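A.B. asks: Next input, structure requested:
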Amino acid sequence: MMLISKPKGFALLEALLAIGLMIIFLGGLGSLFLINLRGTSHSSQFSQSDLLVSADLAALRTIDFDDLSLTNSGHLGFSNPVWTVASGSEAGEVFTKTVRVLEVQRDGLCNIVATGGTVDPDSKFIESEVVWTDLFGREHQSIARSLATRWDNPQGSCFAPTAAASLIFHIETTLWYGGKQLRELYLENGGSIPFTISAMTFTWNNGAKIQQIFMDNSKIWSSSGPGTPTGLQSSGTRLDTVDSTLGPGDIFDMDKTQFSSAMAGTTLTLTIEFTDGSVFVSDPFVPL
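C.D. replies: Sure thing, here's the model as predicted:
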């Protein structure tokens, strides 16, 4: 049997090719490893940024509304036992954190609008942002926003309780004076903003007519004016009265509501309309 020997140069070429293929293969593995490493780092940074954004927004929510000062940007500080907002961003090794307190604008219907509305004194946007640069030199951002509202003591009208909800209706001492005049019926504003009464409707269970209504010694409706309709009116007629405004804590005495005939033992109800569109309806009551 005859053996065929390869030239020495050909064997050397095979060896070089094998080494080259091995280098390419190992290089490919290294690239895959690096890409995987960078991908893992990228995913981890997104997860960390989301956690940081959520944590800072949660801290912002703990700050009392009146302590949230409007500012372009800032960072959180902790002064035991409360969080505060200080000026300037907070830069770390990887992430830069910023919190913001921004104004809220609302339209005439109290809907939030981007522009063209009125600044709401009872609402503020609170915002948390984290930015960082990844291993490829690309900048990323995570951001979250929430709405802070002063529900407990509103200064504007959008979150104020309605006039009807603020009215305290006092009938404890109501009585008939001279048989025809309802007296000592008191209306109190138990809310934090003024409200205005614009109309009233009395109902009662006999054939008498209503003649006039006084509020704190001022005539707000009468069969001969002011107010409408004119003339003696039957039970259940809506009376457009002179507007009467009660400030917070004010108590008005409906010191004389006059009827055309004796009313002893009569059951009454009173419906009051306010300029904010709300309506109060009393429970039936029987004056002494």
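A.B. asks: Name the secondary structure element that contains the residue lying closest to residue 216 once chain neighbours are set aside.
C.D. replies: Excluding the flanking residues, the one nearest residue 216 by Cβ to Cβ, 6 or more residues apart in numbering is residue 252, at 5.1 Å. Placement of C-beta: from N, CA and C, glycine included. Element membership of residue 252, judged by DSSP states H and E, is strand 251-254.
A.B. asks: shouldn't the residue nearest to residue 216 be in contact with residue 220?
C.D. replies: No. Here residue 252 lies out of contact with residue 220, judged by Cβ atoms under 8 Å, at a distance of 9.9 Å.
A.B. asks: Between these two, tell me which one has more neighbours.
C.D. replies: Counted by other Cβ atoms under 10 Å, residue 252 and residue 220 do not tie: residue 220 has more neighbours, with 21 against 18.
A.B. asks: can you pull the contacts of that one?
C.D. replies: By Cβ atoms under 8 Å, 6 or more residues apart in numbering, the contact list for residue 220 reads 213, 214, 226, 227, 241, 242, 244.
A.B. asks: Name only those of these that count as buried.
C.D. replies: 213, 214, 227, 241, 242, 244 (16 or more other Cβ atoms under 10 Å).
A.B. asks: from these, which single one is nearest residue 265?
C.D. replies: Distance to residue 265, by Cβ to Cβ, is smallest for residue 213 among the buried ones among the contacts of residue 220, at 20.9 Å.
A.B. asks: Show me where this protein dips below the pLDDT cut-off.
C.D. replies: 1-18, 20-42, 72 (pLDDT under 70).
A.B. asks: centroid residue for it?
C.D. replies: residue 149 (4.5 Å; Cα atoms, centre = their mean).
A.B. asks: ok, the closest residue in space to that residue that isn't next to it in sequence - how many residues close by?
C.D. replies: Counting by Cβ to Cβ, 6+ apart, residue 149 lies nearest to residue 123, which is 5.2 Å off, once chain neighbours are set aside. Applying other Cβ under 10 Å, we find 21 residues neighbouring residue 123.
A.B. asks: Surely residue 123 and residue 154 touch.
C.D. replies: No. Counting by Cβ under 8 Å, residue 123 does not reach residue 154; the two are 9.6 Å apart.
A.B. asks: residues contacting residue 247?
C.D. replies: Counted by Cβ under 8 Å, 6+ apart, residue 247 has contacts 189, 194.
A.B. asks: switch to numbering from 25
C.D. replies: All set: I'll call the first residue 25, so the last point we hit is now residue 271.
A.B. asks: helix/strand/coil for residue 288?
C.D. replies: Recorded secondary structure, residue 288: coil (DSSP: H, G, I helix; E, B strand; the rest coil).
A.B. asks: pretty sure residue 175 belongs to a strand, no?
C.D. replies: No. Assigned with three-state DSSP, residue 175 falls outside any strand and is coil.
A.B. asks: Who does the longest strand that the chain contains pair with, and is each partner parallel or antiparallel?
C.D. replies: The single longest strand within the chain, with elements called by DSSP state E, is strand 142-157. Applying DSSP bridges, strand 142-157 is found paired with strand 120-130 (antiparallel), strand 163-173 (antiparallel).
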